[in-house]
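>>> here are the coordinates; sequence isn't available:
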């Protein structure tokens, strides 16, 4: 059996991923979010506010004795208010760093600790963003938090390589980790971006045009690519990459 832990399953990419994975009877999905929007015999839900540091730290992964594959998908994220630094709300800064960077770091740490001795294939997928590779005005916290999750993923990968190079300490097999940007997806985050003020965000018209010209990717199409890559991680070229680098076979 395969077990997929996915954050942010109430809507968008997280929900689409969960629903697609549940079409395979060998998959079990465990959703982690504040609200539940999926009903399925092989879906379990943990009501968790990932902006609550203490609640996130208390979350416990479960032992799955029959697991062939165990996957953690850190998908939940938020843009927050789109404003230049100096006009941001301090509480929102803290909340968005917590959701976008601290929560996935804490969950990844707990995931590795829990399944360190499991013989299953163990994968961590962080949903990144092109915004973590280049600065976008008005998006300081989002850009910085996505850059942070990219670097965090690279460090975890480096640690796993060291482990593999010392086989006497790697009896059960290490963890694979990837940070992949999905592209510009038709989610509620895009709705929030289009409501920004031109004075606070110079690229507002670009994002309005993405919607107007139907160039936004749909969550279902994005999820198909992610599921395809997770079915055989040998197809993933780099620790950091973008879905646009891959074509479905």
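That came through, no problem. All of these numbers come straight from a predicted model, not from anything done at the bench.

>>> longest helix of this structure?
For the chain, the longest helix by residue count, based on DSSP state H, is helix 140-164.

>>> now for that helix, which elements pack on it?
Judged by 3 or more CB pairs under 8 Å, 6 or more residues apart in numbering; DSSP states H and E, the packing partners of helix 140-164 are helix 90-97, helix 103-115, strand 121-127, strand 175-181, strand 240-242. The way it works is simple: take the backbone N, C-alpha and C, and place the C-beta from them, glycine included.

>>> right, so of these, which gets closest to residue 135?
strand 175-181 (15.2 Å; CB to CB).

>>> partners of the closest one, with directions?
strand 121-127 (parallel), strand 240-242 (parallel) (DSSP bridges).

>>> in it, what counts as buried?
Neighbour-count burial for strand 175-181 flags 175, 176, 177, 178, 179, 180, 181 (criterion: 16 or more other CB atoms under 10 Å).

>>> in CSV: the helices and strands packed on helix 140-164, plus distance to residue 192 and mean pLDDT.
Output for the helices and strands packed on helix 140-164, formatted as CSV (distance: least, CB to CB, whole Å; pLDDT from 0 to 100):
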stretch, distance to residue 192, mean pLDDT
helix 90-97, 12, 97
helix 103-115, 19, 98
strand 121-127, 17, 97
strand 175-181, 18, 97
strand 240-242, 22, 96
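
>>> would you turn these into CSV with distance to residue 77?
Listed next are these as CSV, based on distance: least, CB to CB, whole Å:
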stretch, distance to residue 77
helix 90-97, 8
helix 103-115, 9
strand 121-127, 7
strand 175-181, 12
strand 240-242, 16
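
>>> how about the ones you listed, which one is nearest residue 76?
Comparing the helices and strands packed on helix 140-164 by CB to CB, helix 103-115 comes nearest, at 7.1 Å.

>>> from the chain's centre, how far out does the closest one sit?
Centroid separation for helix 103-115 versus its chain: 13 Å, with CA atoms, centre = their mean, to the nearest Å.

>>> same check, this time on stretch 28-42
With CA atoms, centre = their mean, you get 16 Å for stretch 28-42.

>>> quote the end-to-end distance of that stretch.
End-to-end distance of stretch 28-42 (CA to CA, to the nearest Å): 5 Å.

>>> what pLDDT, on average, does that stretch get?
In this model, stretch 28-42 has a mean pLDDT of 94.

>>> repeat that for stretch 67-76.
97.

>>> could you list the residues in contact with the helix or strand of the chain with the lowest mean pLDDT?
Least confident helix or strand of the chain, by mean pLDDT, DSSP states H and E, is helix 188-194 with a mean of 91. The contact list for helix 188-194, computed with CB atoms under 8 Å, 6 or more residues apart in numbering, reads 11-12, 77-79, 82, 184, 201, 204, 207-208, 210-211, 216.

>>> one more time with 10 Å, if that's ok
11-13, 77-82, 129, 136, 138-139, 142, 184, 187, 201, 203-208, 210-212, 216 (CB atoms under 10 Å, 6 or more residues apart in numbering).
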